[in-house]
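Need coordinates for the following:
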Amino acid sequence: MAKYNEEIVKQSENNIKTMGFASHPENINRNGRPKTGQALTDIMREVLEEDLPSGKKRKEALVRRVLELAYEGNEAMIRMAWSYLEGMPVQRNVLAGDEENPVVIDIKKTLEKIYGSPGEVSTNSKE
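Below you'll find the model as predicted:
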């Protein structure tokens, strides 16, 4: 790895065009994350803890309504209830070959393709 560290440059000095904040500084939230209690989820949690005139908590009424809609056949509510009860299934991505065509990842060749051979000045510019 030490051979490739010689060519490390600051991100601002490389030739890669950046996206996001560099090209759209108006998207930066200069005030940071909202303080606790000011975020919409914090307010929603507070409201859900309130009692209804019936004496039930709002969050219990919400859960009951979601389940009612699910029982009525609302597919979005069925999926939501199911995912909260059981959790979403784990997705596994497997990269595999077989005996005749094994998957081979050659890190050295990949790095040389990207950065050039060690000691060689790279002419790759991504513009």
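
Could I get the pLDDT score of M77?
pLDDT recorded at M77 is 93.

what's the neighbour count on G87?
Number of residues near G87 (other CB atoms under 10 Å) recorded here: 8. To be clear about C-beta, it is placed using only N, CA and C from the backbone, and glycine gets the same treatment.

got a list of what L62 touches?
Residues counted as contacts of L62 (CB atoms under 8 Å, 6 or more residues apart in numbering) are L48.

before we move on, what SS does it have?
Going by DSSP: H, G, I helix; E, B strand; the rest coil, the secondary structure assigned to L62 is helix.

For the strand or helix carrying K109, output the C-alpha coordinates as PDB.
Per DSSP states H and E, K109 falls inside helix 107-115. Extracted in PDB, the C-alpha atoms of helix 107-115 (Å, rounded to 0.1, in the frame of the first residue of the first chain):
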ATOM      1  CA  ILE A 107      -6.500  -5.700  -6.400                       C
ATOM      2  CA  LYS A 108      -3.000  -4.900  -7.800                       C
ATOM      3  CA  LYS A 109      -4.200  -4.800 -11.400                       C
ATOM      4  CA  THR A 110      -7.300  -2.800 -10.400                       C
ATOM      5  CA  LEU A 111      -5.200  -0.200  -8.600                       C
ATOM      6  CA  GLU A 112      -2.700   0.000 -11.400                       C
ATOM      7  CA  LYS A 113      -5.600   0.500 -13.900                       C
ATOM      8  CA  ILE A 114      -6.900   3.400 -11.800                       C
ATOM      9  CA  TYR A 115      -3.600   5.000 -10.600                       C
END
